[in-house]
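S.K.: 3D, please:
(one chain, ligands or ions: 2)
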Amino acid sequence: MTTAAAPRPTTHRAPTTGWARARRLAHDLPSPLPAQEVPLASAAGRALAVPLRARTPSPGFDNAAMDGYAVRGDGPWRVLDRVLAGRVHGAPPLAEQTAVEIATGAPVPEGTERVVPYEIAERLGDTVWASPGDRRHVRRRGEYARPGQELLPAGSIVTPPAVGLAASVGLDTLTVHARPRVRMIVSGNELVATGVPRWGQVRDAIGPMLRPLLTSWRAELLDSRMVGDELDWFAAAVAGSIIDADVTIVCGASSVGPADGLHHALRSLRATAHVDGVACRPGHPQVLAQVGQKWIVGLPGNPYAALVAALTLVEPLLAGLTGLPLTELETGTLVGAPPADERNTRIVPVRRSGQVLRLVEGGQPGQLGGAAGADAFAVVPPGWRGEAPVELLRLER
Ligand SMILES: Nc1nc2c(c(=O)[nH]1)N[C@H]1C(S)=C(S)[C@@H](COP(=O)(O)OP(=O)(O)OC[C@H]3O[C@@H](n4cnc5c(N)ncnc54)[C@H](O)[C@@H]3O)O[C@H]1N2
Ligand code: MOO
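M.R.: Ligands and ions are numbered 1, 2, ... in the order given. Predicted coordinates for the structure are as follows:
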């Protein structure tokens, strides 16, 4: 393939957006994707589009909270029956001074006033005694949730306990925001996808790195395409991608060189660039652009810079599209000296021990060694003097 001659840039685009603002914009600009009803197994990690409401009362029937005896009136009691969980026909109502032996979770007979746990009961033949107790150990129908009651508001993250809660009130599905469909376009004539690159070739490291990241950020990866640097082919690949992808991630081709075709593609699509250069190192040639309701993110070609840009723009964008809040960043105390920088935010790989963050070597833009061994990435603001706590970006491990 030949590389079409591109007009040489006469000026260099200055980084225009501060790091925190770029991250915030990526989250706040998109509207959440439409709602869809999904089985509980697919709902975890997604945002509720409508409140989670109980379908059944919880508990569904009055039941024992302890193993022991369901009793009525003052003891001693005559034991009439034994009731285990799963019994559907229920025991006959209890008369005064009678009891049934009962298992935790089993339905208590009508008239039950309390359940006496085995530990405080004494039994001889059919008769059981216990000291008076102030705890009833009976869970009443609907005391945790009434039918129709809102248990979680729209916008909540469906955590694993929320999935359990939904099941406990009789739900089989939840209505959540759709998962963003994402395509990667990995660009560069020098790139190869597998094996050992020949001299002058480079193994694609960004595609394999992004795949698990996108999964952990709840995206649906449509596919990943490798395209060369020829400008019109590249633009055609981006134009084709936005037809079915909510988010098209372009890796490489984001800077100002003759083969850096992202801006050519954005112009030909009449895209609105909300972010075009971020005041951060590495990773300043980042782009966030919009065509209708479709999003295009440009990541720099240097692999660590691409990771930084993905954390800056892609994770927040996917959260916004998924209806999830922007992750609040924890802070820590950075030990060591990142490169001094008065103008740019520095994103540096660190290892944590408690609140203390130690710099990891190997955080050059083209290098993933530092990032691969890091627990987190410290966000060092411009002009940082080495005292203030720094924010942390984290990956799921
Ligand atoms: N004159 C200027 N040159 C550069 C600037 C600048 O501001 N002015 N910015 C530099 C920075 S910072 C970065 S980052 C890169 C970004 O360049 P591109 O996004 O256009 O990416 P490429 O030129 O295609 O590649 C850069 C570098 O990364 C390697 N690469 C690309 N894709 C991959 C991949 N998928 N896996 C592994 N490695 C990849 C590529 O071979 C190059 O070595 O521009 C600087 N230049
Ligand atoms: O800042 Mo570039 O994105 O580092 O190598």
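S.K.: how about the residues of the stretch 151-300 of the chain near ligand 1?
M.R.: 186, 188, 190-191, 202, 204-206, 251-257, 260, 284-285, 300 (Cβ under 6 Å from any ligand atom). Backbone N, C-alpha and C define where each C-beta goes, glycine included.
S.K.: Which secondary structure state does Val163 sit in?
M.R.: Look at Val163: counting by DSSP: H, G, I helix; E, B strand; the rest coil, its state is helix.
S.K.: Any stretches of the stretch 251-397 of the chain with poor pLDDT?
M.R.: Low-confidence segments of the stretch 251-397 of the chain (pLDDT under 70): 255-259.
S.K.: where does the residue of the stretch 51-200 of the chain found nearest ligand 2 land on pLDDT?
M.R.: Closest residue of the stretch 51-200 of the chain to ligand 2, Cβ to the nearest ligand atom: Gly188 (14.2 Å). The confidence metric pLDDT takes the value 85 at Gly188.
S.K.: what about the longest helix along the chain, distance to the chain center?
M.R.: Criterion DSSP state H: the longest helix present in the chain is helix 231-244. Put simply, helix 231-244 sits 29 Å off its chain's centre (Cα atoms, centre = their mean, to the nearest Å).
S.K.: got the buried residues for that helix?
M.R.: Going by neighbour count (16 or more other Cβ atoms under 10 Å), the buried part of helix 231-244 is 231, 234-235, 237-238, 241-242.
S.K.: which residues are contacting it?
M.R.: If you take Cβ atoms under 8 Å, 6 or more residues apart in numbering as the criterion, helix 231-244 is touched by 1, 3-4, 6, 181, 183, 185, 187, 222, 225, 227-228, 248, 250, 253, 261-262, 264-266, 268-269, 291, 294, 296.
S.K.: immediately after that helix, which helix or strand?
M.R.: Per DSSP states H and E, the first helix or strand lying C-terminal to helix 231-244 is strand 247-251.
S.K.: List the contacts of the following helix or strand past that next one.
M.R.: Using DSSP H and E, the helix or strand that follows strand 247-251 in sequence is helix 262-268. By Cβ under 8 Å, 6+ apart, the residues outside helix 262-268 that reach it are 6, 231, 234-235, 238-239, 250, 253-254, 271, 273, 287, 289, 296, 298.
S.K.: quick revisit: what about the residue of the stretch 51-200 of the chain closest to ligand 2, distance to Ile206?
M.R.: Remark: distance between Gly188 and Ile206 (Cβ to Cβ, to the nearest Å) = 10 Å.
S.K.: Next: Thr173.
M.R.: Distance from Thr173 to Ile206, by Cβ to Cβ: 36 Å.
S.K.: Also Leu288?
M.R.: According to Cβ to Cβ, Leu288 stands 17 Å off from Ile206.
S.K.: now do Pro117
M.R.: Distance of Pro117 to Ile206, computed by Cβ to Cβ: 60 Å.
S.K.: more crowded one of these two?
M.R.: It is Ile206, of Pro117 and Ile206, that has more neighbours when counted by other Cβ atoms under 10 Å, with 28 against 18.
S.K.: residues touching that one, list them.
M.R.: 186, 251-252, 299, 301, 303, 306.
S.K.: Show me just the buried residues among the contacts of helix 231-244.
M.R.: Applying 16+ other Cβ under 10 Å to the contacts of helix 231-244 flags 181, 183, 185, 187, 222, 227-228, 248, 250, 253, 261-262, 264-266, 268-269, 291, 294, 296 as buried.
S.K.: how many other residues sit next to Leu171?
M.R.: Number of residues near Leu171 (other Cβ under 10 Å) recorded here: 18.
S.K.: how about the nearest residue to it, chain neighbours excluded?
M.R.: The shortest distance from Leu171 to any non-neighbouring residue, by Cβ to Cβ, 6 or more residues apart in numbering, is to Arg55 (5.5 Å).
S.K.: go on, Ser168?
M.R.: Spatial nearest neighbour of Ser168, excluding adjacent residues (Cβ to Cβ, 6+ apart): Ser58 at 5.4 Å.
S.K.: gap between that neighbour and ligand 1?
M.R.: Between Ser58 and ligand 1 the distance is 50 Å, computed by Cβ to the nearest ligand atom, to the nearest Å.
S.K.: give me the number of residues near that residue?
M.R.: Here the count is done by other Cβ under 10 Å, and Ser58 has 20 residues near it.
S.K.: where does it fall, phi/psi-wise?
M.R.: The phi/psi pair for Ser58 (degrees, to the nearest 10) reads phi -130, psi 130.
S.K.: My read is that it contacts Ala166, right?
M.R.: No. Look at Ser58 against Ala166 with Cβ atoms under 8 Å: they stay out of range, at 10.8 Å.
S.K.: what are the phi and psi angles of the residue in the stretch 101-250 of the chain positioned nearest to ligand 2?
M.R.: Closest contact between the stretch 101-250 of the chain and ligand 2, by Cβ to the nearest ligand atom, is at Ile206 (11.9 Å). According to degrees, to the nearest 10, the main-chain angles of Ile206 amount to phi -80, psi -40.
S.K.: same thing with the one 4 residues further on?
M.R.: Per-residue torsions, Leu210: phi -70, psi -30 (degrees, to the nearest 10).
S.K.: Tell me who's in contact with it.
M.R.: Counted by Cβ under 8 Å, 6+ apart, Leu210 has contacts 184, 224, 249, 251, 306, 310, 314.
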